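how does the following fold in three dimensions:
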Amino acid sequence: MCWIGILAALCALPVVYFDRSWLLQAAAVDAAHAQATHLFAHFALGLLAIIVLLTTGLVFLRHLARFVRAVLGGHPFAHGHAVRLRRMAWLMLGMELLSIAIGLHASWMGPGFAWMEVGGGMSITGLIAVLMLFVMARVFDAGAAMRDDLDGLV
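Now for the predicted structure:
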């Protein structure tokens, strides 16, 4: 589904660039005011931020799928798993911060751009997920170190 959102946002940029009447109606402003406030530039910035957010989400899901496959492969406590969890935590934190920025940008642009709030701003659940991913990375690091010690004893 993220691919569809990315494709839609990429298609929206040239469509709105060549026919700005939709953008002017959504913002409920005239062409002179839109030109003075750089409405199209702000709209394009918002769409690019949404594209970055969706792409980051795809990268996160790719890491998650690789993590699940690797853990199901046999050895759950490996150093590579902790690294992947830490990357996932940073990606999730980036998505949360970007979601907040998009929400603030959309509210600044006006009520006609409320649809731009992809993530709805700050999410306490997302921030807890980030914290849990960092903690899980530490757990997997400790588990991998214990496994290395155990392998060294035998």
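
now for the helix ranked longest in the chain, which elements pack on it?
The longest helix of the chain (DSSP state H) is helix 39-72. Contacts defined by 3 or more Cβ pairs under 8 Å, 6 or more residues apart in numbering; DSSP states H and E place helix 39-72 against helix 2-18, helix 21-27, helix 79-109. Backbone N, C-alpha and C define where each C-beta goes, glycine included.

and the average pLDDT for the helix or strand just after the last one is what?
It refers to helix 79-109. Toward the C-terminus, helix 79-109 is succeeded by helix 124-153 as the next helix or strand (DSSP states H and E). Helix 124-153 shows a mean pLDDT of 87.

so helix 124-153 versus helix 79-109, what angle?
170 degrees (axes from the mean of the first three to the mean of the last three Cα atoms, to 10 degrees).

and the angle from helix 124-153 to helix 39-72?
30 degrees.

ok now helix 124-153, how far from the chain's centre?
Helix 124-153 sits 23 Å away from the centroid of its parent chain (Cα atoms, centre = their mean, to the nearest Å).
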